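**Student:** Sequence first, predicted model second:
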Amino acid sequence: MGVVISKTALSPFSLVTGVIGLVSFVFTLGTFFKVVWVNLETMSEAPHEIHGYLTGLRTELLEEKASIRIMRKQAKQYHRSIRKDERESFLGIELDDVTLKTMGDQVRSLIKKFKELEKPFLAPGSEGIGDWKDHRNRRRRDSSVSPYEHSAYASPPEKGQGNGRERGRRIAEDDDDIFWAQRTQYAKFTLRRRFQWLARKAEAQNLFETLSRVQIRRIARQVGGMSWLMHEYGGKTCEMEEVMRRIDERTSRIVGVRRVE
């Protein structure tokens with residue numbers, strides 16, 4: 001018995017199918033290596049990304065919370081002045097407190113999600129964004145000087161190096177209170193925390209996108225209010241010019257009064 005060699009040629013369809021399968025395998029393998037490389041890069045840059053994402057989110061959430069609080073106060077003052085003057089409100093711009101309350105509730109929900117996000121990465125003893133109330137109360141307490149801080153019969157503090165050191169210490173404490181959101185301490189970045197950041201990075205990006213939409217709504221509302229105020233002031237200016245023109249016409253008819261151009 002001899003060896004039989006088959007010389008049957010492949011059909012064009014089989015050849016095309018084989019080429020497509022090979023190209024698909026190459027693309028799949030390339031995508032796999034790319035995903036692995038991106039994940040390894042994310043894990044290696046975890047310390048910088050965690051600090052950047054979490055610090056930025058913490059600062060922007062607190063800023064948005066303060067901005068909405070100020071807008072609610074302004075809206076209450078606006079409605080109070082409308083009720084006092086018994087005049088009509090400009091519908092569609094000032095709206096009501098429900099819109100601002102909805103935005104505030106959304107920001108509080110984002111803060112709650114952010115607390116769960118940053119919790120695994122904080123250093124022991126650091127509360128992250130949950131510590132903002134303590135810093136706010138401390139700044140309020142330090143900003144008001146008590147009249148009973150020094151005794152009436154005590155000698156005045158000596159001027160010199162001691163006061164300079166005390167002043168420097170207070171300035172440093174004030175800086176810590178002002179920039180506490182940026183100076184939050186994070187835990188050591190072990191391999192476990194790097195894997196946690198790899199799994200939760202998408203959540204941080206989604207928080208950024210949702211917060212950006214809230215900021216756009218708030219800015220649009222503020223710009224709309226400013227445009228309405230400009231329109232209102234422009235109308236009052238035109239009315240004032242018309243009144244001055246009529247007064248000028250009446251005074252020009254009086255004998256001895258001439259209009260000075």
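**Tutor:** Arrived safely, thanks for sending.

**Student:** by contact count, what packs against the lengthiest helix in the chain?
**Tutor:** In the chain, with assignment by DSSP state H, the single longest helix is helix 191-252. Helices and strands touching helix 191-252, as assessed by 3 or more CB pairs under 8 Å, 6 or more residues apart in numbering; DSSP states H and E, comprise helix 12-44, helix 46-85, helix 97-118. For the C-beta atoms, the positions are set from N, CA and C on the backbone; glycine is no exception.

**Student:** Could you export those helices as a markdown table, including mean neighbour count?
**Tutor:** A markdown table is the format used below for the helices and strands packed on helix 191-252 (neighbours: other CB atoms under 10 Å):
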| stretch | mean neighbour count |
| --- | --- |
| helix 12-44 | 11 |
| helix 46-85 | 15 |
| helix 97-118 | 16 |
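
**Student:** Ok, which of the ones you listed comes nearest Tyr186?
**Tutor:** Nearest to Tyr186, of all the helices and strands packed on helix 191-252, is helix 46-85, at 6.4 Å by CB to CB.

**Student:** where's Ser14 relative to Ile219, distance?
**Tutor:** 61 Å (CB to CB, to the nearest Å).

**Student:** whoops, Phe114 was the one
**Tutor:** Taking CB to CB, one finds Phe114 at 21 Å from Ile219.

**Student:** what does Asn39 give?
**Tutor:** For Asn39, the distance to Ile219 - CB to CB - is 36 Å.

**Student:** same deal with Gly128?
**Tutor:** From Gly128 across to Ile219, the span is 26 Å (CB to CB).

**Student:** what sits against the residue nearest to Lys101 when sequence neighbours are not counted?
**Tutor:** Spatially, and ignoring its direct neighbours in sequence, Lys101 is nearest to Arg72 (7.5 Å; CB to CB, 6 or more residues apart in numbering). Taking CB atoms under 8 Å, 6 or more residues apart in numbering, we find Arg72 in contact with Asp97, Leu100, Lys101, Gly104.

**Student:** swap in Ile129?
**Tutor:** Contact partners of Ile129, counting by CB under 8 Å, 6+ apart, are Arg58, Leu61, Leu62, Ile111, Phe114, Lys115, Glu118, Ala181.

**Student:** What's the local residue count around Val223?
**Tutor:** 10 (other CB atoms under 10 Å).

**Student:** Also Arg193?
**Tutor:** So Arg193, with other CB under 10 Å, has 18 neighbours.

**Student:** For it, which residues are in contact?
**Tutor:** Ala46, Pro120, Phe121, Ala187.

**Student:** just checking, the first one touches Phe195?
**Tutor:** No: contact status for Ala46 versus Phe195: not in contact, 9.1 Å apart, counting by CB atoms under 8 Å.

**Student:** Any of the contacts of Arg193 buried? List them.
**Tutor:** For those, a neighbour count by 16 or more other CB atoms under 10 Å gives the buried set as Ala46, Phe121.

**Student:** Run through the stretch 101-250 of the chain and note the low-pLDDT ranges.
**Tutor:** Across the stretch 101-250 of the chain, the ranges flagged by pLDDT under 70 are 130-183.

**Student:** go again using 90 as the cut-off
**Tutor:** Residue ranges of the stretch 101-250 of the chain with pLDDT under 90: 101-103, 118-191, 217-250.

**Student:** If we ignore the residues flanking it in sequence, what's nearest Leu54?
**Tutor:** Spatially, and ignoring its direct neighbours in sequence, Leu54 is nearest to Glu118 (5.1 Å; CB to CB, 6+ apart).

**Student:** pretty sure that neighbour contacts Thr55?
**Tutor:** No: with contact defined as CB under 8 Å, Glu118 and Thr55 do not form a contacting pair (9.7 Å).

**Student:** how far away is Thr25 from Phe32?
**Tutor:** In this structure residue 25 is Phe, not Thr. Applying CB to CB, the value for Phe25 to Phe32 is 11 Å.

**Student:** Equivalent analysis for Gly224, please.
**Tutor:** On the measure of CB to CB, Gly224 and Phe32 end up 50 Å apart.
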